[in-house]
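Colleague: For reference, the sequence and a predicted model appear below.
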Amino acid sequence: MTTGSFDTAAVRPVRLPTSSRAGRPGVAERDVRQLLLLSRLLGDVGALLLGLMVAQGIQQALMAVRSSVQPLGPIAVFNTLAILLWLGLFTSTGLYDSRRLLNAAEEFKLILQAVATGTVAATFTAFVLKVPTQRSWVLATWVGCTIAVLATRITYRWLLRSMRRSGVLVSHLLIVGAGREGRDLCRAVTRARHLGFQVVGFLDDTRPIGPTAAGLPDVVGSTNDVRQLVRKLEVHAVLVAGGSVATETAERVYRDLQELPVDFHLSTGILGVAASRVAVQRFDDVPVLGLRHVELTRSQQAFKRVFDLVVGGLLVVALSPIMLACALGVRLSGPGPILFHQQRFGQDGTIFNVYKFRSMVADAEGRQTALRAISNEADGPLFKLDRDPRVTPVGRILRGWSLDELPQLLNVLAGQMSLVGPRPFITQEVDLSNPWARTRLQVKPGMTGLWQVAGRHRLPFDDLIRYDLFYVENWSLPMDLFILLRTIPAVLLRSGV
């Protein structure tokens, strides 16, 4: 297949940081990658050996055997075979393929499956070799090896992320399609520095060579030039914006890259979809991406409600001294009620009163119209002023540490809100005729959410909506736990205030 003529003079030079290690890995970087792979392999061996030693120690303790665990003694053959079995499973499931392990949840899922399968294989090997084992040994081996391997992998991920953030082991990425989807993909890749990609430019058949948007790389050529540009810019991976590039173009780019040592990625064309929802299916000989529909079942809703009641109740008890101190501070700050209430949209469009500690003067609502006419530092239908004259000195402290939102725990206990969910919008801020507004209301609004941990008040309105829709369409219990844990440092560090 021809790729057309290529004029090297027409390609705008791309400046790359000197720390990005441009090009295919050189000798030094290749050595670093090999050392990292070796460290990951040795870490797994050490973790598995530790798990086996712990299991054997537990078995000996339960059997009242006084001899200590000897990994190099009579059971050395069994330990070696068992570890080799696990390493084979890890290899077959792709746990040593860095290209497949961009997502931590995927890696941990593969580890759980491989360790469980390896435990069964190790049990069978122990039976064949007549190594004495008990049921307690099987359980201890499974738990011990799982925890040990996960711990080493988490440590490895932390090390790898630190190296990538410092500019080491960065791979050059070329994006095909400079439309809205391609630009959004570029911003997403740039934000996720831990992935280790640096976007060096766009390829687009409909745009001239040159700038695309502020803060983004240039268009460096057309798709006909992909092979030459991959060599010239020393590209490691090509990402095709599937929703904005013609199928014939994407297929041609894929074919042109077959003989080059370059990774090929194709986006779904639908941003905001969790990878766990995507499944590759086959309609005859045509690969098709299927999206799993996500909707909270009755059991999930019940579990989420029980979780809200238990954790919310414990938080009310634990934070009651702080809440009493806040109430006293509000009372002493000036005239007006201690609690401020405002109508918000709840699940399925129901209207409820959200409660907060009053952080403004008593007539704040009446003064908002005049202030909005003068200045508004938020976009969309939201209203915000960094130095809002209506905020009291005590209220400024409460807002800075999010203490004004503690009374929302009462909304959570009443079933009007959840600990985690979309931002509860004021009724005047939302038009329910908009599809995105109705989608957000499929679940209860939350005291915290992705919008809270991603930047709170700094987020543009469109990003806030995007985070909310992502949460609604990709809900899971681990996501709720992740958001709750991330909320603690976000509040303590006052990020986004």
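Modeller: Perfect, thanks for sending it.
Colleague: hey, where'd the strands end up in the stretch 51-200 of the chain?
Modeller: 171-176, 197-203 (DSSP state E, counting those that start in this stretch).
Colleague: Show me what the last one is packed up against.
Modeller: Helices and strands touching strand 197-203, as assessed by 3 or more CB pairs under 8 Å, 6 or more residues apart in numbering; DSSP states H and E, comprise strand 171-176, helix 180-191, strand 219-221, helix 226-232. (C-beta placed from N, C-alpha, C; glycine too.)
Colleague: now the first one
Modeller: In terms of contact count using 3+ CB pairs under 8 Å, 6+ apart, strand 171-176 is assigned the packing partners helix 180-191, strand 197-203, helix 226-232, strand 237-240, helix 247-256.
Colleague: Measure how far stretch 155-166 is from the centre of its chain, please.
Modeller: A distance of 16 Å separates the C-alpha centroid of stretch 155-166 from that of its chain, computed with CA atoms, centre = their mean, to the nearest Å.
Colleague: quick one: contacts of it?
Modeller: Stretch 155-166 is contacted by residues 19, 36, 39-40, 43, 104, 107, 169-170, 193-196 when judged by CB atoms under 8 Å, 6 or more residues apart in numbering.
Colleague: now swap in stretch 377-391 and tell me
Modeller: Residues lying outside stretch 377-391 but in contact with it, judged by CB under 8 Å, 6+ apart, are 359-361, 364, 367-368, 371-372, 375-376, 399, 428-430, 457, 460-462.
Colleague: cool, stretch 189-197 as well?
Modeller: Taking contacts as CB under 8 Å, 6+ apart, the residues outside stretch 189-197 that touch it are 102, 160-161, 164-165, 169-173, 199, 237, 239.
Colleague: at 7 Å instead, please
Modeller: Counting contacts by CB atoms under 7 Å, 6 or more residues apart in numbering, the residues outside stretch 189-197 that touch it are 102, 161, 164, 165, 169, 170, 171, 173, 199, 237.
Colleague: Buried subset of the residues you listed, written for ChimeraX?
Modeller: This is how ChimeraX selects the buried members of the contacts of stretch 189-197, with burial counted by 16 or more other CB atoms under 10 Å:
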select :164,169,170,171,173,199,237
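Colleague: Among the contacts of stretch 189-197, find me the one that's closest to residue 208.
Modeller: For those, the closest approach to residue 208 (CB to CB) belongs to residue 199, at 18.7 Å.
Colleague: Next one, pLDDT for the closest one please.
Modeller: If you check residue 199, the pLDDT there is 94.
Colleague: Who is it paired with across the strands?
Modeller: With DSSP bridges as the criterion, the beta-bridge partners of residue 199 are residue 173.
Colleague: what's the answer for residue 341, then?
Modeller: For residue 341, the beta-bridge partners under DSSP bridges are residue 355.
Colleague: That one contacts residue 357, correct?
Modeller: No - counting by CB atoms under 7 Å, residue 341 does not reach residue 357; the two are 11.0 Å apart.
Colleague: Same drill for the two, tell me which one is more crowded.
Modeller: Counted by other CB atoms under 10 Å, residue 341 and residue 357 do not tie: residue 357 has more neighbours, with 24 against 14.
Colleague: Just read off the phi/psi values of that one.
Modeller: Note on residue 357: backbone dihedrals following degrees, to the nearest 10 are phi -70, psi 130.
Colleague: quick one: pLDDT of it?
Modeller: 97.
Colleague: Spatially nearest residue to it, not counting backbone neighbours?
Modeller: Nearest in space to residue 357, with sequence neighbours left out and distances taken as CB to CB, 6 or more residues apart in numbering, is residue 404 at 4.4 Å.
Colleague: contacting residues for the one you found?
Modeller: Neighbours of residue 404 in contact, by CB under 7 Å, 6+ apart: 356, 357, 359, 395, 398.
Colleague: Just the buried residues out of the residues you listed, in ChimeraX syntax.
Modeller: The following ChimeraX line selects those of these that are buried, judged by 16+ other CB under 10 Å:
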select :356,357,359,395,398
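Colleague: which of the contacts of residue 404 lies closest to residue 491?
Modeller: The shortest approach to residue 491 among those belongs to residue 398, at 12.0 Å (CB to CB).
Colleague: Tell me which residues touch the closest one, please.
Modeller: Residue 398 makes contact with 326, 357, 359, 404, according to CB under 7 Å, 6+ apart.
Colleague: farthest pair in those residues?
Modeller: In terms of CB to CB, those reach their longest pairwise distance at 326 and 359, which sit 9.8 Å apart.
Colleague: Looking at the helices and strands packed on strand 171-176, which is nearest to residue 346?
Modeller: Across these, the minimum distance to residue 346, taken as CB to CB, is reached by helix 180-191, at 30.4 Å.
Colleague: can you tell me the average pLDDT over that closest one?
Modeller: Taken as a whole, helix 180-191 carries a mean pLDDT of 89.
Colleague: again with stretch 202-217
Modeller: Averaged across stretch 202-217, the pLDDT comes to 91.
Colleague: what do you get for stretch 329-349?
Modeller: Computed over stretch 329-349, the average pLDDT equals 92.
Colleague: what's the span of it from first residue to last?
Modeller: For stretch 329-349, the separation between the terminal residues is 34 Å (CA to CA, to the nearest Å).
Colleague: And this protein, what are its domain boundaries?
Modeller: Structural domains of the chain, as assigned by automatic domain parsing, span the residue ranges 8-21+170-271, 27-165, 298-492.
Colleague: chain center to the last one: distance?
Modeller: Mean-position distance between domain 298-492 and its chain equals 22 Å (CA atoms, centre = their mean).
Colleague: repeat for the shortest one
Modeller: Taking the mean C-alpha point of domain 8-21+170-271 and that of its whole chain, the gap between them comes to 23 Å (CA atoms, centre = their mean).
Colleague: Mind telling me what element the closest residue to residue 490 other than its chain neighbours is part of?
Modeller: Using CB to CB, 6+ apart and skipping the chain neighbours, the partner closest in space to residue 490 is residue 453 (5.0 Å). With elements delineated by DSSP states H and E, residue 453 resides in helix 450-454, which encompasses its position.
Colleague: Now do that helix: everything it contacts.
Modeller: By CB under 7 Å, 6+ apart, the surrounding residues in contact with helix 450-454 are 423, 459, 464, 467, 468, 470, 471, 483, 486, 487, 490.
Colleague: On the C-terminal side of it, identify the next helix or strand.
Modeller: Helices and strands here follow DSSP H and E; after helix 450-454, the next one along the chain is helix 461-473.
Colleague: Buried residues, that next one. List them.
Modeller: The neighbour-count criterion (16+ other CB under 10 Å) identifies 464, 465, 466, 467, 468, 469, 470, 471, 472, 473 as the buried residues of helix 461-473.
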